[in-house]
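Enquirer: model this:
(one chain, ligands or ions: 1)
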Amino acid sequence: MVDLTLFASLLPFLFGFLFLYYFGFLRKKNQDIRSNSPASAATTTTTTTTAVVGGGECGSRDDVIIVGAGVAGAALAHTLGKEGRRVRVIERDLTEPDRIVGELLQPGGYLKLVELGLEDCVEEIDAQRVFGYALFKDGKATRLSYPLEKFHSDVSGRSFHNGRFIQRMREKASSLPNVCVDQGTVTSLLEENGTIRGVQYKTKSGQELKAYAPLTIVCDGCFSNLRRSLCSPKVEVPSCFVGLVLENCQLPFANHGHVILADPSPILFYPISSTEIRCLVDVPGEKVPSISNGEMAKYLNTVIAPQVPPELHDAFISAIEKGNIRTMPNRSMPAAPHPTPGALLMGDAFNMRHPLTGGGMTVALSDIVVLRNLLKPLNDLGDASALCKYLECFYTLRKPVASTINTLAGALYKVFSASPDEARNEMRQACFDYLSLGGVCSNGPVSLLSGLNPRPLSLVCHFFAVAIFGVGRLLLPFPSPKRMWIGARLISSASGIIFPIIKAEGVRQMFFPATVPAYHRAPPTKDSDVDVQI
Ligand SMILES: Cc1cc2nc3c(=O)[nH]c(=O)nc-3n(C[C@H](O)[C@H](O)[C@H](O)COP(=O)(O)OP(=O)(O)OC[C@H]3O[C@@H](n4cnc5c(N)ncnc54)[C@H](O)[C@@H]3O)c2cc1C
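Expert: Residues are numbered from 1 along each chain as shown. This is a model prediction of the structure:
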């Protein structure tokens, strides 16, 4: 009897033991099935932490680690999460960013947002629709509308507070159960025999942790300190933007970006909410006048204010007096990757261009679409070197959009800046007059700039059409030797502007992508059912 009572009281423990053993066994079996690759074997040592904002809990079995949840990282996390990947995002600061970058999304970028299912991230943030640009020179203005006729009525540019847009994308990414968002600063990439296995990072509380995954995508932005081993960064800083917010005023052309061809270089205005207008003043060189000792306010009052359109002048002066002046270096860096097993660079960490044309977010989102389509047919990311070889086609497939936007940004910045060289000033005037002609002369360049028709050849044709237009004006009705000389220098200066940028982008990748061997590694169709053997 005693034995029976003892046996009955032990039964629950017995069942509990069997239950735990059975499910433990099942889980291990599943893990074994998943970890059939060397890279995923490394994940067994992963440190487990808890997600900071929503999303799934950060576990030990990630497919992808994303460093940085800015524009590129947040959009990528949502995209790969939606594709069913287990994604861990590690972001230095999850509070809403407050910055003067990434505030105008071109319509081409909006189309990419739609393709990624992220278009609702520009809703409920008081984003403003943008229908084109207004260009000002010497008191004259010309309107350049985006050619949107062929698109759905929703398609246009959007301008907003960058931080609000990023928070919307972060929220959307972390709403997926297989995406975990962790707050921490990645301090290094973990490398093993030339393959990146994961990252080392420091949490807010100072804890040093490691995380492992078959693929690490570095999106740590323009000041990236992780890109060094993954590319040859040749960063140039042609100028800086000085940012102000104007209130209680109306733009001369509502819902348009405004570009003033000022001296020494352009000034931009665009709405960032229903009540605020962003002003970005370009200051050539790497240094700007000091804000703290008042030199900046003096510069803005004396050099810039007289060139601001009258409708915005008073608000501009008030913004200077208010004192909320921000600055940011304008960096450009051609993409020069070192294909590395286990890792990939995206966003500004990978490639930058002058922000005059507001193209950075469009390039980043377009790259994400290319990468998503490439990864779609791959169930297993475990074979790092095969994946790396396969992904080399990414660098060529992204070129049409990226190189067109990059080249145009660099070329327009040079053409739109004042110069002591008479030929360069002729080119600037020719560009303004060419765009003012309307029709194909404005639609062509604007569709290149907006990412609606990113074709490198069209860019080169329009660029030289401007130069020839400029020379024609110099020679007609009567060419003089001096004018002929300026015309020749104009052509040479136009070539001197565009060819070095094209060279940096890569002539072959830009114009003859099919001759690049890696190009043919892309799957023949974008159909998700295609199974790719890597
Ligand atoms: C002055 C200026 C104005 C611009 N205006 C426009 C514009 O109007 N339109 C446009 O399309 N583009 C614009 N751009 C470019 C645009 O801002 C960038 O192309 C875009 O933000 C790139 O996104 P990203 O995700 O690569 O970088 P970011 O958006 O900067 O994100 C990087 C993220 O990584 C995080 N991070 C950094 N280091 C670490 C680390 N070690 N560990 C963890 N996290 C880390 C950062 O906190 C940040 O959240 C502008 C750029 C400049 C400089």
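Enquirer: Which single residue in the chain comes nearest to the ligand?
Expert: The minimum distance from the chain to the ligand, using C-beta to the nearest ligand atom, falls at residue 70 (1.7 Å). Bear in mind the C-beta positions are built from the backbone N, C-alpha and C, glycine included.
Enquirer: Isn't residue 132 up against residue 106?
Expert: No. Using C-beta atoms under 8 Å, residue 132 is not in contact with residue 106; the gap is 10.7 Å.
Enquirer: if we can go back for a sec, which ones are touching the residue of the chain closest to the ligand?
Expert: The contact partners of residue 70, taken as C-beta atoms under 8 Å, 6 or more residues apart in numbering, are 91, 97, 102, 166, 219, 221, 347.
Enquirer: next one: residue 97
Expert: Contacts of residue 97 by C-beta under 8 Å, 6+ apart are 70, 162-163, 166.
Enquirer: farthest pair in those?
Expert: Of all pairs drawn from the contacts of residue 97, the greatest distance, 10.0 Å, lies between 70 and 163 (C-beta to C-beta).
Enquirer: picking that back up, list only buried entries from the contacts of residue 70.
Expert: Burial by neighbour count, judged by 16 or more other C-beta atoms under 10 Å, picks out 91, 97, 102, 166, 219, 221, 347 from those.
Enquirer: and the fourth one, what is it in contact with?
Expert: In other words, residue 166. Shown here is residue 166, whose contacts under the criterion C-beta under 8 Å, 6+ apart are 69-71, 74, 96-97, 102.
Enquirer: do that again at 7 Å, thanks
Expert: With contacts taken as C-beta atoms under 7 Å, 6 or more residues apart in numbering, residue 166 has the following neighbours: 70-71, 74, 97.
Enquirer: okay, it: pLDDT?
Expert: Residue 166 is assigned a pLDDT of 98 by the prediction.
Enquirer: Now the helix or strand harbouring it - C-alpha only, CSV.
Expert: Counting by DSSP states H and E, the element that carries residue 166 is helix 162-174. Below are the C-alpha coordinates for helix 162-174, written out as CSV (Å, rounded to 0.1, in the frame of the first residue of the first chain):
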residue,chain,number,x,y,z
ASN,A,162,13.5,61.5,-41.2
GLY,A,163,13.2,60.2,-37.6
ARG,A,164,9.5,59.7,-37.9
PHE,A,165,9.9,57.7,-41.1
ILE,A,166,12.6,55.5,-39.6
GLN,A,167,10.5,54.9,-36.5
ARG,A,168,7.6,53.7,-38.6
MET,A,169,9.9,51.3,-40.5
ARG,A,170,11.4,50.0,-37.2
GLU,A,171,8.0,49.5,-35.7
LYS,A,172,6.8,47.7,-38.8
ALA,A,173,9.9,45.4,-38.9
SER,A,174,9.6,44.6,-35.2
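Enquirer: just how off-centre is that helix within its chain?
Expert: Relative to its parent chain, helix 162-174 has a centroid offset of 14 Å by C-alpha atoms, centre = their mean, to the nearest Å.
Enquirer: Equivalent analysis for stretch 140-151, please.
Expert: The mean C-alpha position of stretch 140-151 is separated from the chain mean by 24 Å, C-alpha atoms, centre = their mean.
Enquirer: tell me which residues in that stretch are buried?
Expert: By neighbour count, with 16+ other C-beta under 10 Å as the criterion, the buried positions of stretch 140-151 are 142-148.
Enquirer: same question, stretch 338-347
Expert: 339-347.
Enquirer: thinking again about what came up before, helices - which of the buried ones among the contacts of residue 70 land there?
Expert: Here DSSP state H is the test, and the buried ones among the contacts of residue 70 give residue 166 as lying in helices.
Enquirer: Max pairwise distance over the buried ones among the contacts of residue 70: which two?
Expert: Among the buried ones among the contacts of residue 70, the pair separated by the greatest distance (C-beta to C-beta) is 91 and 102, at 15.4 Å.
Enquirer: residues from the stretch 1-150 of the chain in reach of the ligand?
Expert: On the criterion C-beta under 6 Å from any ligand atom, the ligand has as its neighbours in the stretch 1-150 of the chain the residues 67-73, 90-93, 100-105.
Enquirer: Could I have the buried ones of these as PyMOL selection syntax?
Expert: This is the PyMOL syntax for the buried subset of those, where burial follows 16+ other C-beta under 10 Å:
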select buried, resi 67+68+69+70+71+72+73+90+91+92+100+101+102+103+104+105
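Enquirer: re earlier: ok, now how distant is the residue of the chain closest to the ligand from residue 211?
Expert: As for residue 70, its distance to residue 211 is 19 Å (criterion: C-beta to C-beta, to the nearest Å).
Enquirer: In the stretch 251-400 of the chain, where is pLDDT below threshold?
Expert: Along the stretch 251-400 of the chain, no part satisfies pLDDT under 70.
Enquirer: Over to the stretch 51-200 of the chain?
Expert: Counting by pLDDT under 70, the ranges of the stretch 51-200 of the chain that qualify are 51-57, 59-60.
Enquirer: need the strands for it, in chain order.
Expert: In chain order, the stretch 51-200 of the chain shows strands spanning 64-67, 87-91, 104-105, 128-130, 132-137, 140-145, 157-159, 179-192, 195-203, with DSSP state E, counting those that start in this stretch as the criterion.
Enquirer: Deepest-packed of these, please.
Expert: Sort the strands of the stretch 51-200 of the chain by mean neighbour count, taking mean count of other C-beta atoms under 10 Å, and strand 87-91 sits at the top with a mean of 30.
Enquirer: and that strand with strand 179-192, angle?
Expert: For strand 87-91 against strand 179-192, the angle by axes from the mean of the first three to the mean of the last three C-alpha atoms, to 10 degrees is 80 degrees.
Enquirer: Output the contacting helices and strands for strand 87-91.
Expert: Here strand 87-91 touches strand 64-67, helix 71-82, strand 179-192, going by 3 or more C-beta pairs under 7 Å, 6 or more residues apart in numbering; DSSP states H and E.
Enquirer: chain center to that strand, what's the gap?
Expert: Between the centre of strand 87-91 and the centre of its chain there are 18 Å (C-alpha atoms, centre = their mean).
Enquirer: And for stretch 394-410?
Expert: On the basis of C-alpha atoms, centre = their mean, the separation between the geometric centre of stretch 394-410 and that of its chain is 12 Å.
Enquirer: and it with the ligand, contact?
Expert: No. Remark: stretch 394-410 sits outside contact range of the ligand, by C-beta under 6 Å from any ligand atom, the gap being at least 9.0 Å.
Enquirer: now what about that stretch, what contacts it?
Expert: Contact with stretch 394-410 is made by 332, 335, 337, 351, 353-354, 356-357, 359, 362-363, 366-367, 370-371, 374, 448-449, 451, 454-456, 459, 498, 501-502, 505, 509-510, 513, 516, 518-519, 522, as judged by C-beta under 7 Å, 6+ apart.
Enquirer: Give me the buried stretch members for it, please.
Expert: By neighbour count on 16+ other C-beta under 10 Å, the buried set for stretch 394-410 is 394-410.
Enquirer: next one: stretch 283-295
Expert: When neighbours are counted by 16+ other C-beta under 10 Å, the buried residues of stretch 283-295 are found to be 283, 288-289.
Enquirer: Using PDB, list the CA coordinates for it.
Expert: Backbone C-alpha positions of stretch 283-295 (Å, rounded to 0.1, in the frame of the first residue of the first chain) are rendered in PDB as follows:
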ATOM      1  CA  VAL A 283      28.900  75.300 -47.900                       C
ATOM      2  CA  PRO A 284      31.700  74.100 -50.100                       C
ATOM      3  CA  GLY A 285      34.700  72.400 -48.400                       C
ATOM      4  CA  GLU A 286      34.900  70.300 -45.300                       C
ATOM      5  CA  LYS A 287      34.700  73.100 -42.800                       C
ATOM      6  CA  VAL A 288      31.800  75.400 -42.000                       C
ATOM      7  CA  PRO A 289      31.800  78.700 -40.200                       C
ATOM      8  CA  SER A 290      31.600  78.200 -36.400                       C
ATOM      9  CA  ILE A 291      28.100  78.200 -35.000                       C
ATOM     10  CA  SER A 292      29.300  78.800 -31.400                       C
ATOM     11  CA  ASN A 293      31.100  82.100 -32.100                       C
ATOM     12  CA  GLY A 294      28.400  83.500 -34.300                       C
ATOM     13  CA  GLU A 295      30.300  83.300 -37.600                       C
END
